[in-house]
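Trainee: I'd like to go over a predicted model; first the sequence, then the structure.
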Amino acid sequence: MTDTLVPPAADTTDAAPKRLFIKTYGCQMNVYDSERMADVLRPLGYATTDTAEGADFVILNTCHIREKAAEKVYSELGKLREMKDDRAASGRGMTIAVAGCVAQAEGEEIMRRQPAVDLVVGPQAYHQLPELLTRTARARGERIGADFAPNDKFDALPTGRGGTGVTAFLTVQEGCDKFCTFCVVPYTRGAEWSRPVAAVLAEARELAARGVREVTLLGQNVNAYDGEGADGKPSSLARLVHALADIPGLDRIRYTTSHPNDMSDDLVAAHGELPQLMPYLHLPVQSGSDRLLRLMNRKHGRQKYFELIDRIREARPDIALSGDFIVGFPGETDRDFEDTMDLVRRVRYASAFSFLYSPRPGTPAATMGAQVPDAVARPRLHALQALLLEQQAAFNAAQGGRTFDVLFEKKGRQRNQAIGRSPYLQSVHVEDADHLIGQIVPVFIASGEQNSLTGQLPGEHKGY
């Protein structure tokens, strides 16, 4: 789980800005949602701050995927309640809201357990924040907004985006119809729904005009995208990416997260056709065991996954792959785990995420028998992570001696240092490059470490 702060936004009112603090848990879609929450609250005079202390409005934008997600939220709410009480004692107020997937799944329970919470807002209802906030300020009014209505949400959002930077997230699809037995997303985000192509392109053009050079298209199942096109017919993600590639200034396109069953032929082909589509693909498989994949309701087997990887690499030979793995799924045997290790060895990942299985309330897997004891699952996780880290280190080391374009994003810790993104999403540290932030520049890779690359600018490397 990661915590992300929304970048400060300029105040657009004449009055002194009220302070808004948003703490974001979990995935990139939550980061996008947090940015948009700041956008809808800006007309009310809220400017973001980087700390909860002294904030007038605090939002916890939650994720329900990881282990003990709700417990971490309640722990944070306990701290916020103390801050709220302190502010009340000095005659100042603090409004507390819980948003996101934990809010969707446990809204009534949150209000019961933590009376300091003023608002609970599901992921499809945060466009209602101004209205809910106004009601609360008047006598607390209706406090829970958690209905599924993604089209209403996007229609109600401001057309302009706040914040600055050369990279941005752009949600194009929400929800999931796959119903993997371990996953809460269909219950917290609802059924699959895709934004119309015109709406996505309009937001992307606005981002490009603001100086964004790279967008990451987001969706719980992003390659199932089927938004309405200009002809009134459903558009595939590949067609959307082709249209995005025509926007001037938008030089890089990524997308996440994908399902193997929705990796269509035209999307595979797009990786070989569009230089703007970066050679990095996150394609979760979760397990290498056919038996467990059936229990997970993944609707694909290991052989189908291998064949898909071969097709992708044929279209784009230099593509780097990332994935997700669950260890200790109910009923997992030593043989099942070895099948996962074998799959990892055969695919060779540039990076990957791996987690111990944890039961999510309301999911079929939570009631399955043969739950794997922690004493068995944890050593397996350590073995898998050691192999994945070995592959990541090897991939990074293999970049040494190469030259490729780097998009410089921000200043580094060292004086005059800048940090950029490689085509493979690695961080690249370059000295004397802080003047290049916002630009895409060829960089010689001097060395690759476990989690990043060290680069040199043209002219600094002998023989460049």
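Mentor: Everything's here; your move.
Trainee: what number of residues lie near A370?
Mentor: Neighbourhood size, A370 [other Cβ atoms under 10 Å]: 10. Just so you know, the C-beta spots here come from the backbone N, C-alpha and C atoms, and that holds for glycine as well.
Trainee: and it, what is it in contact with?
Mentor: Applying Cβ atoms under 8 Å, 6 or more residues apart in numbering to A370 gives the contacts 330-331.
Trainee: Tell me how far it lies from V376.
Mentor: The gap separating A370 from V376 is 11 Å, by Cβ to Cβ, to the nearest Å.
Trainee: likewise L295?
Mentor: 17 Å.
Trainee: and these two? which has more neighbours close in?
Mentor: Taking neighbours as other Cβ under 10 Å, L295 and V376 compare with L295 leading, 22 against 14.
Trainee: dump the residue contacts of the more buried one.
Mentor: 181, 329-331, 365, 368.
Trainee: what do you get for R113?
Mentor: Y74.
Trainee: 10 Å instead, please
Mentor: Residues counted as contacts of R113 (Cβ atoms under 10 Å, 6 or more residues apart in numbering) are 70, 74, 77, 106.
Trainee: Is the residue nearest to L384 when sequence neighbours are not counted bridged to anything, and to what?
Mentor: When the adjacent residues along the chain are set aside, L384 lies closest to S354, with 5.3 Å between them (Cβ to Cβ, 6 or more residues apart in numbering). Beta-bridge pairing for S354 (DSSP bridges): F325.
Trainee: Next one, pLDDT for S354 please.
Mentor: pLDDT for S354: 93.
Trainee: what's the answer for A398, then?
Mentor: Per-residue pLDDT puts A398 at 97.
Trainee: Identify the bridge partners of the residue lying closest to it once chain neighbours are set aside.
Mentor: Leaving aside its chain neighbours, A398 sits nearest to G448 (6.9 Å; criterion: Cβ to Cβ, 6+ apart). Legend: beta-bridge partners of G448 under DSSP bridges are L453.
Trainee: so how far is P275 from the closest residue to L237 other than its chain neighbours?
Mentor: Distance criterion Cβ to Cβ, 6+ apart; nearest residue to L237, sequence neighbours excluded, is Y225 at 4.1 Å. Using Cβ to Cβ, we find Y225 at a distance of 21 Å from P275.
Trainee: What is the end-to-end distance of stretch 39-46?
Mentor: Counting by Cα to Cα, to the nearest Å, you get 9 Å between the two ends of stretch 39-46.
Trainee: do stretch 207-214 as well
Mentor: End-to-end distance (Cα to Cα), stretch 207-214: 9 Å.
Trainee: got the buried residues for it?
Mentor: 207-208, 210, 212-214 (16 or more other Cβ atoms under 10 Å).
Trainee: mind listing which of the residues you listed are in strands?
Mentor: Among these, DSSP state E puts E214 in strands.
Trainee: Now pLDDT and distance to Q303 too, for the buried residues of stretch 207-214, in CSV please.
Mentor: Listed next are these as CSV, based on pLDDT from 0 to 100; distance: Cβ to Cβ, whole Å:
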residue, pLDDT, distance to Q303
L207, 94, 40
A208, 96, 41
R210, 92, 45
V212, 95, 40
R213, 97, 39
E214, 97, 34
